[in-house]
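> Pasting the sequence and the predicted model now:
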Amino acid sequence: MTILSPSYADYTCEDPWADNVEEQEMHKKVSRVVIPILYSLVFAVGVVGNSLVLFILLRNHRSRSSTDNFLLHLALADLLMLITFPFAITEAVVGWKFGDALCKVVAAISRLNFYCSSLLLGCISIDRYLSIIYAIHTFRKRSIDTVHYSCFIVWIISFLLSVPNMFVLKTYQMGNHTACTYSQTHFRSNPWWQTGRFVNHIVGFLLPLIIMTVCYSHIITTLCRSPRREKKKAVRVAIVITGVFFLCWTPFNVVVFLDTLDQYQLIGSCAVKNNLPIAIPVTELFGYVHCCLNPLLYAFVGAKFRKDALKVLKHMGCFKSSVFARVSTVSRRSSTTESESRTVISTI
């Protein structure tokens with residue numbers, strides 16, 4: 001589903017592909033073959049990974065830390081976002097076949113979980129900041145209920161932020177293809193459209209990124225002063241967390257920001273206009289890859305979680321007992337060196 005991809009029927013620039021049959025066919029192949037295949041891959045990997053995270057965290061509910069509970073909500077948010085992928089895949093192949101009402105609902109679900117995932121990543125960085133920069137033993141005693149209340153507030157805020165999308169999206173006939181998108185003809189006079197874009201730029205990306213950068217910068221500074229090797233290992237993980245989030249979502253947010261500027265006629269480049277229709281869905285897909293990486297970055301790096309995951313996979317018959325024994329031996333060795341770092345950065 002093209003949540004943020006606009007209808008470009010009102011653009012005044014001449015389409016460079018209008019007289020180029022080969023380029024048109026290539027564009028169709030990318031839109032209707034390559035992108036659906038990639039969406040399907042992200043969907044499969046993301047559902048399996050986040051379902052495993054959810055299963056293990058729910059099973060070990062008595063021993064969950066505060067960060068574990070944030071991870072639980074993060075996995076749920078990623079799964080809810082992933083359930084919108086079949087609609088996007090269907091739309092790319094045969095067009096939108098589900099009507100206006102479901103177009104609005106699916107769009108709201110996708111945006112809700114986009115904001116929820118971003119804000120939860122910010123909450124996790126704050127949780128680790130409090131655990132490391134300040135007295136660890138003090139914050140370890142804080143109520144788990146407080147974490148769940150915080151997550152509940154994040155869900156409510158995310159829902160409210162996703163509301164503008166329900167007022168601007170509907171189905172449009174674009175040639176012989178029906179799309180779930182919005183018309184930009186009255187962009188500058190549509191307060192819902194403007195609000196949605198502003199929220200996407202600021203709350204969905206910049207705010208979480210700033211929070212993560214500030215928190216992890218202080219964490220890195222603090223841990224670098226520690227002579228312990230395992231703590232410095234946690235520094236590398238913190239860098240990866242921030243870097244992957246930035247890498248996945250920056251291209252999409254830059255492209256959407258350029259599109260926003262273009263709607264205010266602040267960009268006169270026809271090259272930018274003509275490449276936005278393909279740039280937005282491609283970079284959006286690249287951002288959604290983050291749903292697959294979250295289980296690896298926030299869960300499987302942890303020795304305890306890795307051990308639990310191996311037990312689940314063995315129980316499911318994914319590998320033989322001999323293989324499990326060898327992998328478990330390696331996991332126990334790494335867990336010896338990581339045991340102290342888990343008290344510093346929870347399950348990571």
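Cool, got the structure.

> can you map out the strands along the chain?
For the chain, the strands defined by DSSP state E cover 170-174, 177-181.

> Burial-wise, tell me which of the ones you listed comes out on top.
strand 177-181 (a mean of 21; mean count of other CB atoms under 10 Å). (Glycine included, C-beta is placed from N, CA and C.)

> rewinding a little: which of the strands of the chain sits closest to Leu209?
Closest approach to Leu209 among these is made by strand 177-181 (26.6 Å; CB to CB).

> Report the angle between that closest one and strand 170-174.
Note on geometry: by axes from the mean of the first three to the mean of the last three CA atoms, to 10 degrees, strand 177-181 and strand 170-174 are set 150 degrees apart in direction.

> Contact partners for the nearest residue to Leu74 once chain neighbours are set aside?
For Leu74, ignoring the flanking residues on the chain, the nearest one in space by CB to CB, 6 or more residues apart in numbering is Leu120 at 4.6 Å. Leu120 is in contact with Phe70, His73, Leu74, Ala77, Cys151, Val154, counting by CB atoms under 8 Å, 6 or more residues apart in numbering.

> tell me the least confident of those?
Lowest in pLDDT among the contacts of Leu120 is Phe70, which has 86.

> The closest residue to it other than its chain neighbours: neighbour count?
Ranked by CB to CB, 6+ apart and with sequence neighbours excluded, the top spatial neighbour of Phe70 is Ile124, at 4.8 Å. When counting by other CB atoms under 10 Å, one arrives at 25 neighbours for Ile124.

> out of the contacts of Leu120, which is most surrounded?
For those, the largest number of neighbours (other CB under 10 Å) sits with Leu74, at 29 neighbours.

> Hmm, that residue is touching Ser125, no?
No: at 11.9 Å, Leu74 and Ser125 do not qualify as touching, with contact defined as CB atoms under 8 Å.

> Verify the stated contact: Val168 with Trp193.
Yes: counting by CB under 8 Å, Trp193 is a contact partner of Val168 at 5.0 Å.

> where do the contact lists of these two overlap?
Tyr182.

> Good, wrapping up.
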